[in-house]
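Novice: Quick check, what structure comes out for this input:
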Amino acid sequence: MTAYHLPVMVDAFLRFALEAPAGAVVDATLGGGGHVAALLAAMDAAGVSRPVIGVDQDPEALAAARLRVGHDPRFTALHGNFRDLDQLLAGAAPPAAILLDLGVSSRQLDAEHRGFAIKHPQAALDMRMDPTRGVPARDLIKSLELAELARVLRDFGEVRDAFRIADRIKEAAEAGRMETTGDLARLVDRDAPRKLNVHPATLVFQALRIAVNDELGALTDILAKAPKLLAPKGRLLVMSYHSLEDRMVKHTFAEGEQGPPRPPRLPPPSDWRPTWKVLTRQAVVADDAEIAQNPRARSARLRVAERPIDGGAR
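Specialist: The predicted structure follows:
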């Protein structure tokens, strides 16, 4: 099996998670189990114990994480999307910390049958993180109106000339020529400039992946639910890898701490209560040593906020 990527910013994750109050730590984007394995080892070294719950929408990731962690009685793995964490954790005590490590995994990119990557031109154009649900990218393209597809490319990929590219993609799809990752990559590559050795279809693939998996919708949902899920002084840790996600997290945390947008010097509404206390005034980034070992860490941004004692559960 192709390996999952190295977990990013493990030391920062452990510090923020283990400083949280007593209670479970939830890795809501379990992947191959790297952060969970590091957490269990750190608890062993410190002589402490707390429940650890791993959630992932990808059945292959769950299988890999279970294999990596083994039969540790502290660990429970659950299949699901983090946007449904309230349902997945129903009946359990509020967790002390929740980790979201956003984006796509190396395993998903490297696995040809998943249809995520340009480098597998014969793969069916799928891109679903949970292959048991939803529709693959090739079907989403067919179902979207031209204007909707252009919006996806523009908003989720910041693709230049999005309408023209969307028009060409729709034309190819209607002619039955948009079935594989190679079909999409060749169409975009036909007359697009190549910059810094990056394939010109990279942003198109990113935009479609985000749309197929409703990644920003899922992030919106969990950011709204998290204050109600966490124990008092519980922490939400979010690692993001592009500006769309990072802006959402930054703005949500700021509004949860300072109140809704309003004119300068105007106090927040009288019925407003804070839902977050921001613990990272600037996003935490990986140091040079980690980036040298794990290039994926270069674009990672970690933001952490804590639920106030009297906030969240309203």
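Novice: And the average pLDDT for stretch 294-312 is what?
Specialist: Throughout stretch 294-312, pLDDT has a mean value of 89.
Novice: For it, buried residues please.
Specialist: 294, 296-297, 299-308, 311-312 (16 or more other C-beta atoms under 10 Å). For glycine as for every other residue, the C-beta is placed from the backbone atoms N, C-alpha and C.
Novice: Kindly report the same for stretch 108-118.
Specialist: Gln108, Leu109, Asp110, Ala111, Arg114, Gly115, Phe116, Ala117, Ile118.
Novice: Run the chain-centre distance for stretch 227-245.
Specialist: In terms of C-alpha atoms, centre = their mean, to the nearest Å, the centre of stretch 227-245 is found 11 Å from the chain centre.
Novice: Quick one: end-to-end distance for it.
Specialist: Using C-alpha to C-alpha, to the nearest Å, one end of stretch 227-245 lies 18 Å from the other.
Novice: re earlier: inside strands: which ones of the buried residues of stretch 294-312?
Specialist: Using DSSP state E, the members of the buried residues of stretch 294-312 that fall within strands are Arg301, Leu302, Arg303, Val304, Ala305, Glu306.
Novice: End to end on stretch 283-294, go ahead and measure it.
Specialist: One end of stretch 283-294 to the other measures 18 Å (C-alpha to C-alpha).
Novice: Could you give the number of residues near Pro59?
Specialist: Neighbour count for Pro59, taken as other C-beta atoms under 10 Å: 12.
Novice: do the same with the one 4 residues further on
Specialist: Around Ala63 there are 14 other residues, counting by other C-beta under 10 Å.
Novice: Could you do Thr132 as well?
Specialist: Counted with other C-beta under 10 Å, the neighbours of Thr132 add up to 9.
Novice: Do you know the pLDDT at the residue nearest to it when sequence neighbours are not counted?
Specialist: What sits nearest to Thr132 in space, not counting adjacent residues and going by C-beta to C-beta, 6 or more residues apart in numbering, is Pro59, at 6.7 Å. The model reports Pro59 with a pLDDT of 94.
Novice: again with the one 5 residues further on
Specialist: Here, the pLDDT recorded for Ala64 equals 92.
Novice: so is it in a helix, a strand, or just coil?
Specialist: Here Ala64 is recorded as helix under DSSP: H, G, I helix; E, B strand; the rest coil.
Novice: Any figure for the gap between it and Arg296?
Specialist: 17 Å (C-beta to C-beta, to the nearest Å).
Novice: so where's the stretch 51-200 of the chain uncertain?
Specialist: For the stretch 51-200 of the chain, applying pLDDT under 70 flags the ranges 191-197.
Novice: can you give me the helices in it?
Specialist: Here the stretch 51-200 of the chain has its helices, by DSSP state H, counting those that start in this stretch, at 59-69, 85-88, 106-110, 137-143, 146-157, 162-174, 181-189.
Novice: Quick check: buried residues in the second one?
Specialist: In terms of neighbour count (16+ other C-beta under 10 Å), helix 85-88 has its buried residues at Leu85, Leu88.
Novice: CA atoms only: put that helix into CSV for me.
Specialist: C-alpha atoms of helix 85-88 as CSV (Å, rounded to 0.1, in the frame of the first residue of the first chain):
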residue,chain,number,x,y,z
LEU,A,85,-19.0,15.0,14.3
ASP,A,86,-22.0,15.9,16.4
GLN,A,87,-23.7,12.7,15.3
LEU,A,88,-20.6,10.5,15.4
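Novice: Remind me what it packs against, helices and strands.
Specialist: The contact analysis (3 or more C-beta pairs under 8 Å, 6 or more residues apart in numbering; DSSP states H and E) places helix 85-88 against helix 215-229.
Novice: Can you get me a residue count around the closest residue to Ala172 other than its chain neighbours?
Specialist: Nearest residue to Ala172, sequence neighbours excluded (C-beta to C-beta, 6+ apart): Met178, at 4.5 Å. For Met178, the neighbour count with other C-beta under 10 Å is 20.
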